[in-house]
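Engineer: dropping the sequence and predicted coords here.
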Amino acid sequence: MMKKHRLMMVTAMLFSLFFVLLACSKTPENTSSVDTEKGAEESETAQQSDANRMFESVKGPVEIPERPMRIVTDFYGGELLSVGANVVGVEPTAFENPFIKDLLKDAVEIGQPVNVEKVLELDPDLIVVMYDENYEQLAEIAPTLHIPYGTATSIQETVELFGDITGNQEEAEAFLRKFDQKAKEGREKLAGIIDAEATFGIYELTDKGELWIFGDNAGRGGQALYNALGLKLPHKNENEEQTLQLSMEVLPDYAADYMFLTAYDPEKKGEALQNLKESAIWQGLDAIQNNQVFYNDFDTFYRYDPLAIYGQIDLFVNMLIDRHQENNG
């Protein structure tokens, strides 16, 4: 009986030990499986965020993030913002741009030329510059693309370029659709208000009294006026240089039916503009006689980034409609 009892106790103990070992072996196995799946997901996420690609630039091929998250730039703030990029640092005058300043509330001013120490503090994963001062130093901080002024010659090319740089092609396409719709609406509003044969000129007066005329891709609203709204350049200026300095003597040859003037006058003296307005040549222009001259804010119309061009469409349309109503009261 004693032997039989001892045998039963040993058997029971063995069964108990078996179940304990079985439970222990299952628990680590399940945990390991979950941890492996979780680790794989984290690894995949890390690979996605760290994925790079080669971009051909004027400096040669540069390895850049597929989807950069923190971008520093000098003069491409508006271009980057138009495709939904995160701009963490930008040159000083961008904060005076009425079309993007609200979008830069969390960005840092990095100086011009670009201050390398300020850029370093921002920990960017991509730097995009129009000018290549300090390029080598910047390239040591993060991948740096030098995109010279004039690389893109239209709003379509510009948005597509920066959509490609940032990996935000879908955002770029969405912006261009929105832009095309805005342009279409603007043309429809002006139909019947503007003579189809009327010409439109963009001019700028400097504080030194120099007078310039602009084409469709040199800022001052050219892309909005000519490309988006489809209005005509002055006949004398068709297919010529983007910027051309005029003497007062030849101004009548380059005058348009509608004239838009900005004044570069950083010290706000107003002398050059007053002299222009009082000149006999200016007073004799048809646009003056017909009350079709517009004196535009320099800071608003100097800008040529996609968001500025988009905003300028409405500005031009509204001022033309208002002036038409004023003249035909």
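Structural biologist: It's in.
Engineer: domain parsing for the chain?
Structural biologist: The record assigns the chain these domain ranges, following automatic domain parsing: 54-169, 183-327.
Engineer: report the buried residues of stretch 64-84.
Structural biologist: Within stretch 64-84, the residues scored as buried using 16 or more other CB atoms under 10 Å are 64-65, 68, 70-83. Just so you know, the C-beta spots here come from the backbone N, C-alpha and C atoms, and that holds for glycine as well.
Engineer: pipe the domains of the chain into a markdown table and attach mean pLDDT per row.
Structural biologist: What follows is the domains of the chain, written out as a markdown table (pLDDT from 0 to 100):
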| stretch | mean pLDDT |
| --- | --- |
| domain 54-169 | 96 |
| domain 183-327 | 94 |
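Engineer: as CSV, the ones you listed with distance to residue 177 would be great.
Structural biologist: Written out in CSV, the entries for the domains of the chain read as follows (distance: least, CB to CB, whole Å):
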stretch, distance to residue 177
domain 54-169, 11
domain 183-327, 11
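Engineer: what segments of the stretch 151-300 of the chain are helices?
Structural biologist: For the stretch 151-300 of the chain, the helices defined by DSSP state H, counting those that start in this stretch occupy 155-166, 169-190, 222, 251-254, 271-278, 280-283, 286-289, 298-302.
Engineer: taking the buried residues of stretch 64-84 one by one, which sit in strands?
Structural biologist: Secondary structure assignment by DSSP state E places 64, 65, 71, 72, 73 of those in strands.
Engineer: tell me the one of those nearest residue 138?
Structural biologist: Looking at those and their distance to residue 138, the nearest is residue 72, at 8.2 Å (CB to CB).
Engineer: which SSE is the residue lying closest to the closest one once chain neighbours are set aside in?
Structural biologist: Once flanking residues are discounted, residue 72 sits nearest to residue 89: 3.9 Å by CB to CB, 6 or more residues apart in numbering. Residue 89 is part of strand 87-90 when elements are defined by DSSP states H and E.
Engineer: give me the residues contacting that strand.
Structural biologist: For strand 87-90, the surrounding residues in contact (CB atoms under 8 Å, 6 or more residues apart in numbering) are 70-74, 77, 80-81, 103-104, 106-110, 118-119, 122, 124.
Engineer: of those, which belong to helices?
Structural biologist: Counting by DSSP state H, these place 77, 80, 81, 118, 119, 122 in helices.
Engineer: where's the last one relative to residue 141, distance?
Structural biologist: Which is residue 122. Per CB to CB, to the nearest Å, residue 122 is found 9 Å from residue 141.
Engineer: next: residue 183.
Structural biologist: Separation of residue 183 from residue 141 (CB to CB) stands at 39 Å.
Engineer: dump the residue contacts of the residue lying closest to residue 143 once chain neighbours are set aside.
Structural biologist: With sequence-adjacent residues excluded and distances taken as CB to CB, 6+ apart, residue 143 is closest to residue 64, at 4.5 Å. Residue 64 makes contact with 52, 53, 54, 55, 126, 143, 145, 165 under the criterion CB under 8 Å, 6+ apart.
Engineer: check the first one and give its pLDDT.
Structural biologist: According to the predicted model, the pLDDT of residue 52 comes to 94.
Engineer: doesn't residue 65 make contact with it?
Structural biologist: Yes. Residue 52 is within contact range of residue 65, at 5.8 Å (criterion: CB atoms under 8 Å).
Engineer: just the helices from the stretch 1-150 of the chain, written as ranges.
Structural biologist: Applying DSSP H, counting those that start in this stretch to the stretch 1-150 of the chain gives helices spanning 2-50, 77-82, 116-122, 135-141.
Engineer: sorry, back to before: so can I have CSV of the ones in strands among the buried residues of stretch 64-84 showing distance to residue 311?
Structural biologist: Putting these into CSV (distance: CB to CB, whole Å) gives the following:
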residue, distance to residue 311
64, 29
65, 30
71, 22
72, 24
73, 20
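Engineer: now for those: which two are most distant?
Structural biologist: Between all members of those, the longest pairwise span (CB to CB) is found for 65 and 73 and amounts to 14.7 Å.
Engineer: neighbours of the residue nearest to residue 72, just the number please.
Structural biologist: Using other CB atoms under 10 Å, residue 89 has 25 neighbouring residues.
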